[in-house]
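Visitor: Sequence unavailable; structure follows:
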């Protein structure tokens, strides 16, 4: 087995190794599917480009994929692959050549008597390469087993290497990479800016550092590079918060919370949770594309006031004008001074020229700055005013037009295009004109496709694009159209969770949306977008109640940016009843994932609209706006408001929703200091009966948990245990992981209090496993605390301390504090602090540095760990 020359640190399960897969697409389709299965079976991430063949190979794309990958897998059979015009080798050979020498290369050759000569030559070269391992295979099934075995061996070897030579700072770098986007391409010409911004951050004199400049000048790229370069200044983490799809100022806090991993279940104010999560932590928050919610800038002052160790790096076209802000103007890349001719040596000193040459070489291998093309390249960079994105778009046309053709076309068209948009700032005019020039080289159908893509949020799938194509100019041509836009650097592709995901740069999306509005098609596309995601939610909603719950939560999480956009489109286009149905069908998802604050914003906006709404929609909107008040500010008004929801739901014919609202009103009574607890018991009992009769197992189980907590509060632990048992049985019957976790945790805590330690240990272990499968941080914290208490009761001091501190770290990170939860394990720990202080303290120190996966490994026995290995790998 081949291993890299340099030692590398083995990663924790939440930082999966990426396996780049190279092969021809059509002749090896079954084998590619087998490779994906093998890679995912090993809990690694397959990196596979699946848009298919196109006239020009996406060299820049697969070079970027290779740069972000850890292992190269090549599968070869008969075909050498297509050789593009002006190329000497196929993409298949090019991928092998571009793979870094230090990257492990696993090559699998399907037996054949009809192999093309050039492929045979490539295989011969690989066989003489001492950094590649190769094996023959006969079938897809054979290949799947071989790859799984080889990857297991490779991981074992790398683990041995890591134990001998790993250094802590490398591991922290991997964690950072999971939070901050990896640039698609090399950053050029920003060395001074990166150093200067890092210097400003290190000085610590300003709480907000704003990178200001027009669209396309590279603010986001600079912020990403600064984040990586400044990781050592922020030992508690660097977080990237994309704001390009956030159009309402009131969504700033929910978006920041989401990026920090804070779950909002309505039980505490979101700002309070963020302040708790950031308390005492030296962190950097990168807020990207702030200009569209600049009215929310004062919120940053409140945040850095309550979180004095946090620093904010903001990218914006507009200065925020708040106290504590340091402005850093992001300049364009340098072009040769003056407007005269510039020779090759002078041109080579220009960062703008260097960027053009780098991007052109990615499109056309072998391209270089020469005496013959230097003048044209300088002219291109000057006309584009050193704007990085504009230069990249121009360089993407070098294969089609050559440098002379690009320069001539820009000379003819750019002044005309910029003259048409004189109301924009100068460099913004240039950027818009460059996008239009780039699109002018595409077919009318592909231009129309880009405009329609503006309706999507930050990321989207090819399946979603195809779903919106009915009746559009590009209907039936989505795959080829996307491929053309990828080749033109207008659309980016990445791999998330094994799925190809597409995205637009913020300024390209802005341009596309503008064109949609100008053409009068914005509402048509908003409606199509909303219809697609409304159908998606309708399809997934039943799974949220039980069977397939974890998978549905994961899929909705991937689609979250577009779910937000769909809700906004429904409200904006006055489809208010559809918006109400959309929000209500996702009630369980909002609860599990913790997005009640965002839903409240949409529902308040809905209620402010003048259009007519049904009683059901009004009840939905009121329910979501009252949910947070129920927990944070319980009052008679809240109880009365939820009572009105009960009535409206019932009169609209939705007895299921009426019963859920009745349970919520009972909970509000319990929360209210002067609430009628007896009436709350009656209402919960009535709600459970109705939900049972209606077949709503999720609602019945979750309400039974509330009944159990209320019985416990009243001192009847036998009755409480009976309710938790009933809730668990109903949830298990419906495969409802979330409610099983909630009910099981409550039951285990009660058993621990009653001295039933072994039963409590089993219960906490089960709830921990369930929470891992749901990727539910709050549930994991509860489970770790419960098992900490069990360990303490059994005098396992080190384990008790480690699990306690690991749980505290999770709670700190997600800003979640529950006084009742702390009472589970703290009394037991205090006993150990008297009897075995050294072992307890050693465990607490160890727990501080544990990842979630490591803490779970300490908490659970081997047989239970094996059952959640895949879920941990996706953590």
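Guide: Right, received. Where do you want to start? Keep in mind that this is a model prediction, so the values were computed, not measured. Numbering: from 1, shown residues only.
Visitor: CA atoms for contacts and neighbours, from now on please.
Guide: Noted.
Visitor: Assess the claim that residue 283 and residue 230 are in contact.
Guide: No. Look at residue 283 against residue 230 with CA atoms under 8 Å: they stay out of range, at 10.5 Å.
Visitor: Just name the shakiest helix or strand of the chain by mean pLDDT.
Guide: helix 168-179 (a mean of 40; mean pLDDT, DSSP states H and E).
Visitor: Now residue 485. Nearest residue, chain neighbours left out?
Guide: Of all residues not flanking residue 485 in the chain, residue 491 sits nearest, at 5.4 Å (CA to CA, 6 or more residues apart in numbering).
Visitor: hang on, isn't the one you found packed against residue 506?
Guide: No. If you go by CA under 8 Å, residue 491 and residue 506 don't touch, sitting 10.8 Å apart.
Visitor: How many neighbouring residues does residue 472 have?
Guide: By other CA atoms under 10 Å, 14 other residues sit near residue 472.
Visitor: Unless I misread the structure, it falls within a strand.
Guide: No. Using DSSP: H, G, I helix; E, B strand; the rest coil, the secondary structure at residue 472 is coil, not a strand.
Visitor: Please state the backbone phi and psi of it?
Guide: Here is the backbone geometry of residue 472 (degrees, to the nearest 10): phi -90, psi 160.
Visitor: Distance of it relative to residue 331?
Guide: Distance from residue 472 to residue 331, counting by CA to CA, to the nearest Å: 40 Å.
Visitor: Strands along the stretch 351-500 of the chain, start to end?
Guide: For the stretch 351-500 of the chain, applying DSSP state E, counting those that start in this stretch gives strands covering 492-496, 499-503.
Visitor: For residue 543, which of those strands is the nearest?
Guide: Evaluated with CA to CA, those place strand 499-503 nearest to residue 543, the distance being 20.8 Å.
Visitor: Which residues does that closest one contact?
Guide: 48-50, 458-462, 491-495 (CA atoms under 8 Å, 6 or more residues apart in numbering).
Visitor: Tell me the helix or strand right after that strand.
Guide: helix 506-518 (DSSP states H and E).
Visitor: how about stretch 179-193: buried residues?
Guide: When burial is assessed from 16 or more other CA atoms under 10 Å, stretch 179-193 yields the following buried residues: 180, 184-185, 189-190, 193.
Visitor: Now compare the residues you listed and name the two farthest from each other.
Guide: 180 and 189 (20.5 Å).
Visitor: low pLDDT regions in the stretch 151-300 of the chain?
Guide: By pLDDT under 70, the low-scoring segments of the stretch 151-300 of the chain are 156-178, 184.
Visitor: As a check, name the ranges of all helices in it.
Guide: Using DSSP state H, counting those that start in this stretch, the helices of the stretch 151-300 of the chain run over 168-179, 191-203, 219-229, 252-260, 270-278, 297-306.
Visitor: Looking at the ones you listed, which is nearest to residue 791?
Guide: Short answer: helix 270-278, nearest of the helices of the stretch 151-300 of the chain by CA to CA, at 26.8 Å.
Visitor: Which elements pack onto that closest one?
Guide: Counting contacts by 3 or more CA pairs under 8 Å, 6 or more residues apart in numbering; DSSP states H and E, helix 270-278 packs against helix 252-260, helix 297-306, helix 797-814.
Visitor: Tell me what angle it forms with helix 797-814.
Guide: 140 degrees (axes from the mean of the first three to the mean of the last three CA atoms, to 10 degrees).
Visitor: chain center to helix 270-278, what's the gap?
Guide: 21 Å (CA atoms, centre = their mean, to the nearest Å).
Visitor: one step back: distance to residue 365 for the helices of the stretch 151-300 of the chain - can I get that in JSON lines?
Guide: Converted to JSON lines, the helices of the stretch 151-300 of the chain look like this (distance: least, CA to CA, whole Å):
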{"stretch": "helix 168-179", "distance to residue 365": "29"}
{"stretch": "helix 191-203", "distance to residue 365": "25"}
{"stretch": "helix 219-229", "distance to residue 365": "24"}
{"stretch": "helix 252-260", "distance to residue 365": "39"}
{"stretch": "helix 270-278", "distance to residue 365": "47"}
{"stretch": "helix 297-306", "distance to residue 365": "45"}
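Visitor: for these, which one sits closest to residue 829?
Guide: helix 270-278 (23.1 Å).
Visitor: Helix 252-260 and the closest one, what's the angle between them?
Guide: In terms of direction (the same axes, to 10 degrees), helix 270-278 departs from helix 252-260 by 30 degrees.
Visitor: Run through who's touching helix 270-278.
Guide: Outside helix 270-278, the residues touching it (CA under 8 Å, 6+ apart) are 253-254, 257, 262, 264, 303, 306-307, 309-310, 597, 811-816.
Visitor: From residue 551, how far off is the residue nearest in space to the middle of the chain?
Guide: For the chain, the residue nearest the mean C-alpha position is residue 558 (6.8 Å; CA atoms, centre = their mean). Plainly put, residue 558 is 11 Å away from residue 551 if you go by CA to CA.
Visitor: Kindly report the same for residue 766.
Guide: In terms of CA to CA, residue 766 sits 19 Å off from residue 551.
Visitor: quick one: which of the two has more around it?
Guide: residue 766 (19 against 15).
Visitor: where's the more buried one, which helix or strand?
Guide: helix 757-774.
Visitor: gap between the very next helix or strand once past that helix and the chain center?
Guide: Helices and strands here follow DSSP H and E; after helix 757-774, the next one along the chain is helix 777-793. Here helix 777-793 shows a centroid-to-chain-centroid distance of 27 Å under the convention CA atoms, centre = their mean.
Visitor: Helix 777-793 packs against which elements?
Guide: By 3+ CA pairs under 8 Å, 6+ apart, helix 777-793 packs against helix 737-753, helix 757-774, helix 797-814, helix 819-835, helix 852-859.
Visitor: Going by mean pLDDT, which of those helices comes out lowest?
Guide: Lowest mean pLDDT of the helices and strands packed on helix 777-793: helix 819-835, a mean of 73.
Visitor: Could you list every helix and strand in contact with the helix or strand following it?
Guide: Using DSSP H and E, the helix or strand that follows helix 819-835 in sequence is helix 837-848. Judged by 3+ CA pairs under 8 Å, 6+ apart, the packing partners of helix 837-848 are helix 797-814.
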